[in-house]
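dropping the sequence and predicted coords here.
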Amino acid sequence: MDNLKYAADVISLWILPVMVVFILLFGAFKRVAIYEAFVEGARSGFSVGVKIIPYLVAILVAIGMFRASGAIDLIEKAVGSVFEYLKIPVDMLPLMIVRPLSGSGALGIMSEIVHEHGGNSYAAKMAAVMLGSSETTFYVLSVYFGAVGITKFRHALHVGIISDIIGIAAAVCVSRFMF
């Protein structure tokens, strides 16, 4: 187990610098003007950032209204016994609901879980695994698709929701196995 931890530490330490060097060398090999390409990408990224502000505000307001309305508390009471049977902390439910909507909202819920239960608790560890194993599906669809003018998602919504459900189920299984 110590060898696995050491390997994970070494990989996590070197993965980003190796990727940066690889991208620079590959760009030089392909004779790409790397700095100019970076500046152009930053310029277009900034314009996309400005375009997504209204969508971002709408998502954040909707999440704030959902949390302030007490709807999460009602849902927790309704499914609490099922979660107990499955040995899933009930505190995971708000995270499961908010994660597909907002990364910052889910991070806020995770910080509440860590504050309430402690950073080394089963609930905090499961929340961390769950946060890393799911995506902000509705955020991506509304913000990025809205910014580039895509109005017909086709199968993107279904695939995103299914992948979130699978990711959350995998996070529960991995957490139960590992912790």
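Now that the structure is in, tell me what you want to look at.

which regions of this structure lie under the pLDDT threshold?
Counting by pLDDT under 70, the chain contains low-confidence ranges at 1.

show me what contacts the most centrally placed residue in it?
Nearest to the geometric centre of the chain sits Glu135, at 4.2 Å (CA atoms, centre = their mean). Residues near Glu135 by CB atoms under 8 Å, 6 or more residues apart in numbering: 99-100, 160, 163-164, 167. For glycine as for every other residue, the C-beta is placed from the backbone atoms N, C-alpha and C.

could you rerun that using 6 Å?
Glu135 makes no contacts at all, as judged by CB atoms under 6 Å, 6 or more residues apart in numbering.

just the one 3 residues further on next, same as before
The neighbourhood of Phe138, defined by CB under 6 Å, 6+ apart, consists of 100-101.

in whichever strand or helix holds Ala171, what's buried?
Assigned by DSSP states H and E, Ala171 falls within helix 156-178. For helix 156-178, burial by neighbour count (16 or more other CB atoms under 10 Å) applies to 160, 164, 167-168, 171-172, 175.

now tabulate those residues in a markdown table and tack on distance to Val10.
Listed next are the buried residues of helix 156-178 as a markdown table, based on distance: CB to CB, whole Å:
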| residue | distance to Val10 |
| --- | --- |
| Gly160 | 34 |
| Asp164 | 31 |
| Gly167 | 27 |
| Ile168 | 30 |
| Ala171 | 25 |
| Val172 | 29 |
| Ser175 | 25 |
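
for Thr151, give me phi and psi.
For Thr151, the backbone dihedrals (degrees, to the nearest 10) come out as phi -110, psi -20.

quick check: it vs Cys173, distance?
37 Å (CB to CB, to the nearest Å).

check Ile11 too.
23 Å.

count the neighbours of Ile53 for me.
As a burial measure, Ile53 scores 11 neighbours (other CB atoms under 10 Å).

just Thr136 next, same as before
That count, for Thr136 with other CB under 10 Å as the rule, works out to 21.
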